[in-house]
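Student: sequence and predicted structure below; questions after.
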Amino acid sequence: MKASELFQWAEKVAKILHKYHPNAKIWLSPQFPEEPLNSWYSEFYENIKRKPDWLGGIVFGPRVKTPLPELRKIIPDEYPIRHYSDITHSIRCQYPVPNWDLAFAITLGRECINPRPKAEKYIHNLFAQYTIGSISYSEGVNDDVNKFVWSDQDWDPNTPLIETLRDYARLFISSEWVDEIAHCLMALEENWIGPAIANEGIEVTLRQWQELEKIIPQEVLENWRFQMGLLRAYYDAYIRRRLIYETELEKEAIEILESADSIGSLKAMEEAEKILRRAQTEPVAVKYRKKCEELADKLFKNIGLQLSVKRHQAANWERGAFIDDIDIPLNNIDWLLAQFDRIRKMGDEDQRLKAIGEVINRVNPGSGGYYENFGDYKSTSRLFKDSDWKKDPGFLTSKGITFATPLLHLKEYVTEYGGVPLAWISNIFSPYQHPLTISYDDLDPTASYKIRVTYVGFSEGEVKLLANGRYIIHDFINIYNKCITIERSIPQEAISDGELNLTWIVKEGGRGVSVAELWIIKVKNT
């Protein structure tokens, strides 16, 4: 719908309303259409500046391209702005969890139990000066804690978080265990900070919840709000235990593949597969997993919370059914087994050994090269600072991490691409027409280099890649709904001083660029 058509429609609605409620006002939001063109926004704001008398104000919510401070400058002062804050989603949303660990992103997903008290308070207070208040956007009880944090901050932004959580615990769960429950809820947010594999606090958080679980009365154990927090504590700990275990299994499997020259390709793949399948045949933390299922069933019985498609009739995998993803692989077993199937069909041993070598070295850029997996903390820590999120928690103008989790659920991708490596799931993302830039130094100015880049396109747009702002690596290509790996030579002139600046540009109308993997490969000395 064109912006002018939106205003015409709103005016007609206002005339109908005024017959029954003469003082009724219509509020509008500049949520972008299919393609967020600058011309659409210009037309929307021009219509606002005409100051229609039926307009009550503007809503700032998900899919609004204009940052809130800028929006406040554009909108005439007489029109208030209401914040329609997304407190319910964790990825691909208005305020995603920053630099979330891949293991949580693919298991807990977009709509999980997500208490984020510190983040909600910070985001609220960062933008409160531009609005008259808010109506938070929720799609269920998964964000129950966030609702009360946000509402409390609307009432008084100086309210300490711990007091909100104490009031929440006192009113809804137990007046006898107020402080303990409040701190346990706060700890769940800490579980999501930093690499899960290194976050030993996740186990501490579980111990705190387990301690309460042992001493609180039965009526509190049956309280659905307590059960939601307890479930998250067990779930997080289970995922971390699996992550540690399955990461090591993959390393062991790769070590076996490295011996293929001596034991034979078929034997190596057979042994490697046995090791990888231990995640199912010899699982870890089975008591934690069982507890998660028990709590999920209790929540379904108590309040109808649908955490599974099969068990609780959830709408689909992305609508909060994170119990169904509790055992989704946290290593590359699916991709590796797909490669084994392909390699076994080769009739020549030398071919099989060569293919196994390519599997082992898939991410190896070679001596003097660089490799980026934009879900790995080595890459993200180099590209991001805490201050980035604090300035732009909605990632409307700055780069962030997004997750292509549909790749793990849609069979056509597995079939088409012969398995999906986990590196494709996490992507560095720059929104709309804001260029994405990455820089390298210490390159050998006398050498030749090539670049390999993998795009995972769940955002519409055509993407162009430049070196040092003027050398075209590749011209505009459409990456929407595709997984594409492109390899190109880097012009010698682009690295004459040993430095390389890469810039991705998206055509107007695109929602941004997503890059999953990047290799800078040294070819030879000149």
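Tutor: Ah, there it is. Keep in mind the model is a prediction, meaning the values are calculated, not measured. Residues are numbered from 1 along each chain as shown.

Student: buried sites along the lengthiest helix in the chain?
Tutor: For the chain, the longest helix by residue count, based on DSSP state H, is helix 224-257. Within helix 224-257, the residues that count as buried by 16 or more other Cβ atoms under 10 Å are 224-246, 249-250, 253-254, 256-257. Quick note: C-beta positions are derived from backbone N, CA and C, even for glycine.

Student: likewise for stretch 254-269?
Tutor: 254, 256-257, 260, 265, 268-269.

Student: and the furthest pair within those residues?
Tutor: Ile254 and Ser265 (14.3 Å; Cβ to Cβ).

Student: pull the contacting residues for Tyr440.
Tutor: 370, 499-502, 520 (Cβ atoms under 8 Å, 6 or more residues apart in numbering).

Student: now the residues you listed as CSV including distance to Arg207, secondary structure and neighbour count?
Tutor: Output for the contacts of Tyr440, formatted as CSV (distance: Cβ to Cβ, whole Å; DSSP: H, G, I helix; E, B strand; the rest coil; neighbours: other Cβ atoms under 10 Å):
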residue, distance to Arg207, secondary structure, neighbour count
Tyr370, 40, strand, 19
Glu499, 49, coil, 14
Leu500, 48, strand, 21
Asn501, 47, strand, 15
Leu502, 45, strand, 23
Ile520, 44, strand, 23
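
Student: out of those, who's nearest Lys15?
Tutor: Leu502 (53.5 Å).

Student: nearest residue to that closest one other than its sequence neighbours?
Tutor: Ile438 (4.9 Å; Cβ to Cβ, 6 or more residues apart in numbering).

Student: so Asn478 bridges to which residues?
Tutor: Per DSSP bridges, the residues bridged to Asn478 are Glu462.

Student: how deep is it tucked in, by neighbour count?
Tutor: When neighbours are counted by other Cβ atoms under 10 Å, Asn478 registers 15.

Student: where does it land on pLDDT?
Tutor: Model confidence at Asn478, given as pLDDT, is 89.

Student: wait, it sits on Ile484?
Tutor: No: counting by Cβ atoms under 8 Å, Asn478 stays clear of Ile484, with 9.3 Å between them.

Student: helices and strands of the chain: which one has the lowest mean pLDDT?
Tutor: Between all helices and strands in the chain, the lowest mean by mean pLDDT, DSSP states H and E belongs to helix 411-417, at a mean of 62.

Student: other SSEs contacting whichever helix or strand comes after that helix?
Tutor: Next helix or strand after helix 411-417 toward the C-terminus (DSSP states H and E): strand 426-431. For strand 426-431, the helices and strands in contact under the criterion 3 or more Cβ pairs under 8 Å, 6 or more residues apart in numbering; DSSP states H and E are helix 377-383, strand 400-403, strand 436-440, strand 512-525.

Student: for Asp341, find the nearest of those.
Tutor: Taking the helices and strands packed on strand 426-431 one by one with Cβ to Cβ, strand 512-525 is closest: 22.5 Å.

Student: distance between the ends of stretch 432-448?
Tutor: 33 Å (Cα to Cα, to the nearest Å).
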